[in-house]
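K.L.:
Sequence plus predicted model, see below.
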Amino acid sequence: MKNILLVDDDNVFNFLNTKILRMAGMANEIHSALNGQEALDLLNAYYIGKFSLPDVILLDLNMPVMDGFTFLEGFRRLKLPRGDSVNIIIVTSSEDPRDIVKAKELGITKYLRKPLSESALLEALAN
């Protein structure tokens, strides 16, 4: 079982994926943030014991306040213990090839497109 952080401004996406993850028994703890800044705030709360460091972050790219790429830059600066072992999976509607290249340059190896199927989500988390 994994601790998962959903970072997406789409409440329906967060709700459906929370439901899928709970039904599949893949997660024991699920948190969500509506943008990159909220996600960084949650990760900062890890230091004071309010939040467990996630094993997996499902990250949208296109969000208000702070987008996914800006979040990734901030995440790298956090220097979290085990930060390198957090599996970040991009889940986005973007089909721009430049986004895929940029994600790879930032060390992201899994890039999924919305709408996300239950099987694609579970497969990405199983590996």
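P.N.:
Sure thing, it's come through.

K.L.:
mind listing what S94 touches?
P.N.:
Residues near S94 by Cβ atoms under 8 Å, 6 or more residues apart in numbering: L61, N62, R113. For every residue, glycine as well, the C-beta is placed using N, CA and C.

K.L.:
Helix, strand or coil: sort out it for me.
P.N.:
coil (DSSP: H, G, I helix; E, B strand; the rest coil).

K.L.:
Just read off the phi/psi values of it.
P.N.:
Per-residue torsions, S94: phi -70, psi 130 (degrees, to the nearest 10).

K.L.:
okay, the contacts of S94 in TSV with pLDDT next?
P.N.:
Shown next, in TSV, are the contacts of S94 (pLDDT from 0 to 100):
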residue	pLDDT
L61	96
N62	95
R113	90
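
K.L.:
pLDDT value on the residue lying farthest from the centre of the chain, please?
P.N.:
What lies farthest from the middle of the chain is I48; by Cα atoms, centre = their mean that is 21.1 Å. I48 carries a pLDDT value of 76.

K.L.:
ditto for the one 4 residues further on
P.N.:
Among the per-residue scores, S52 shows a pLDDT of 82.
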